[in-house]
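>>> give me the fold of what follows.
(2 chains)
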Amino acid sequence: MDSGSTSSSISSKTSLSRSRVPFDETNIPPRYPRNPSLNSGVRRTSKASATTQNFDRFIPDRLSTDMDIARCLLTQARRDKENNAVVSPSKEVYRKRLAETILQNRTQILSFKSKPAAPIDAWYNEPSTSNQVSYQKSVKPRRHIPQSSERTLDAPDLVDDYYLNLLDWGSANVLAIALGSTVYLWDATTGSTSELMTVEEEDGPVTSVNWAPDGRHIAVGLNNSDVQLWDSANNCLLRTLKGAHRSRVGALAWSNQILTTGGMDGMIVDNDVRIRSHIVQTYTGHTHEVCGLKWSGSGQQLASGGNDNLLHIWDVSMSSSNAVPNQNQWLHRLDDHMAAVKAIAWCPFQSNLLATGEGGNDRSIKFWNTHTGACLNSIDARSQVCSLLWNKNEKELLSSHGFTNNQLTLWKYPSMVKMAELTGHTSRVLFMAQSPDGCTVATAAGDETLRFWNVFGNPESQKSAPKSNAGIAPFAKYNHIR
Amino acid sequence: MASRTQSRDIITLKGSSAIVSEFFGYAANSILYNRGVYPEESFAKVKKYGLPLLLSQDESVKAFISGVTSQLSEWLESGMLQRVVLVVMSRATSEVLERWNFNIETDSEVVKTKGVSREKSDKEIMREIQAIMRQIASSITYLPCLEEPCVIDVLAYTDIDVQIPTMWIESDAKLIENPQMVKLCSFDTKIHKVNTLVSYKNNDDDDE
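Below you'll find the predicted structure:
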């Protein structure tokens, strides 16, 4: 700051010297130091002044002095001195003494002799310092998380709508994806693609797909508010659930034989697919489109997130004691989120733990105890969260994001330390699904690609997944409905 | 009632020295806790200046701080202390990472003449100290993270003719090159005025 002020003062002087009077014979020419650059700045016109007159005193002539060059020379001398690193010790001492006496610097600096003990090594968990303290825990070898997708498939006509759920991976290791008005199946074991079904243009596009627990039957939600049930083994339509909703069905979730559907009208409906009048339960609470719907592992609680920024936790046990028949009152209504809650994931290793993520402004990932409804943790994920998946084998959480990096972030739970960031998609990663063996994650984005990531571990290292006998096959007793 | 308030408002040289050295002790503990020099578990909560402050329970730290503060109060009473600096250095490289500078301006008149006292309300001083403590705690928001194990040191700037006590040695200033400096609040007991300043190593790879 100081240097600034001097430069401005110098420049003001320079402006004065601009209007200099050309050399007059009557002026005594100042005696300049023998420096060619400076002399060139002065033009002597008259012959008489050519004679150098020697004087003892140096009388500077401001008007004829080229201020810029003069300043440069002055400061250059100082700069050279500063750059000179080699200073003899005696000079240093002399300088110090001089400074002391002149500046009246009468301070000595003392430091306390007995320093406190340094903090213990183990606190920093440095692997290099082997301190046998209780902080030691068995260190698993860090697995390598491949930074790029293992496979990329084309997914043309994928609807780039945040509120839909167009991707699901069934327990028979078949991936279902809805592209436009068609649902395609991709068999992960063989790598073959097949088309499951197509709807008419006016009924479509398909707004949600969800495999039943048996991995054979699949529910398809449509824009015209219908939900179709298909048998993927025979490629035939089993049933169409009509009348549950008034607008498109964007979210589906299975619980044994109950198919829960969430619609743009904000209604959530439990449909028993075995019986004729399929609507067994309705959940009212959302005022805007329901985009996230997930049953807990136990099937006791249902979490739903909507475009109204609300997260509802519903409990099946609350359905009986109610004034209005067939209507469930929510267990918790959580309004902490500031944007649409689409990403919902129940923790596989800790019951009652729910992770939710939101799109839009707040971009946070929040953790809830669904028993008490308390928000346990909230972290800023830096970009909109489109989907969440828990690692079944490790304590990790995978989140998919949108603008700007369109990345997948792998977090360690509960520390919420970022373990990896996987990029590859060029548009927001809207849909995510996990393979039944828990190793691979499939993601689909608006850039019309479907990518597979071995983010949860290598398929070879995992134990072979048990055959999916779990879950009562809803239609096991029937060859066809009606 | 009038006499009671009066006895609280009068600050003597001894009292002021005690206030300043006590403040330094708590400030040092607070810095150790907030900057994470020592693990959080080794700190216990006490109430002081109307705030919950943390004091280290580590024996060596306690001994260090009490040794320093007792000497500081001695120096303050004689008016010889100019400033106190708490230096945070990396243990591995002994490079100075942070410098907490407490400048002390002493009212020399009080030192020279015995028995002179000043008036300032206790509450006011406590409030000023409270502000500084809060600022130290909030400094973690802008100070760069201390990633490596650190050690601390206390430097005292005294007058040149002060006899060096047994537990102290002469030292260099332990300055930081191109530091970033943040000036914190100051408090004034009317006899001693303490200005606080923290300078830290400028982390070039920090994005603005």
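>>> in the stretch 251-400 of chain A, which spans are helices?
Secondary structure of the stretch 251-400 of chain A by DSSP state H, counting those that start in this stretch: no helices are present.
>>> for chain B, what's its nearest residue on it.
A:R382 (13.6 Å; Cβ to the nearest Cβ). Just so you know, the C-beta spots here come from the backbone N, C-alpha and C atoms, and that holds for glycine as well.
>>> can you pull the contacts of the residue nearest to that residue when sequence neighbours are not counted?
Ranked by Cβ to Cβ, 6 or more residues apart in numbering or on different chains and with sequence neighbours excluded, the top spatial neighbour of A:R382 is A:R363, at 6.2 Å. Contacts for A:R363 (Cβ atoms under 8 Å, 6 or more residues apart in numbering or on different chains) come out as A:A339, A:D380, A:A381, A:R382, A:S383, A:Q384, A:V385.
>>> now, which of those residues sits nearest A:R333?
A:A339 (16.5 Å; Cβ to Cβ).
>>> would you list the phi and psi of that closest one?
phi -150, psi 180 (degrees, to the nearest 10).
>>> neighbours of it, how many?
17 (other Cβ atoms under 10 Å in any protein chain shown).
>>> show me where chain B has strands.
For chain B, strands defined by DSSP state E occupy the ranges B:10-11, B:43-48, B:51-56, B:81-90, B:96-106, B:118-119, B:150-159, B:168-170, B:179-188, B:192-201.
>>> my read: B:P179 touches B:S199, true?
Yes. Under the criterion of Cβ atoms under 8 Å, B:P179 makes contact with B:S199 at 3.8 Å.
>>> for A:V227, which non-adjacent residue is closest in space?
A:L241 (4.2 Å).
>>> next, give phi and psi for the one you found.
phi -90, psi 110.
>>> correct me, but it touches A:N271?
Yes. Here A:L241 reaches A:N271: they are 5.4 Å apart, a contact under Cβ under 8 Å.
>>> could you report the pLDDT at the residue nearest the centre of chain B?
For chain B, the residue nearest the mean C-alpha position is B:F24 (3.3 Å; Cα atoms, centre = their mean). Looking at B:F24, its pLDDT reads 89.
>>> show me what contacts it?
Here B:F24 is in contact with B:V68, B:T69, B:L72, B:V84, B:F102 (criterion: Cβ under 8 Å, 6+ apart).
>>> residue ranges with poor pLDDT in chain A?
For chain A, residues meeting the criterion pLDDT under 70 lie at A:1-55, A:65, A:77-88, A:100-106, A:113-142, A:319-327, A:361-362, A:458-482.
>>> and it, what are its domains?
The record's domain split for chain A, according to automatic domain parsing, is A:62-117, A:129-464.
>>> tell me where the longest helix sits in chain B.
helix B:13-34 (DSSP state H).
>>> before we move on, the earlier item: and B:P179 and B:S199? Which one has more around it.
B:S199 (19 against 16).
>>> residue contacts, that one?
Counted by Cβ under 8 Å, 6+ apart, B:S199 has contacts B:E98, B:R99, B:N101, B:I176, B:P179, B:Q180, B:M181, B:V182.
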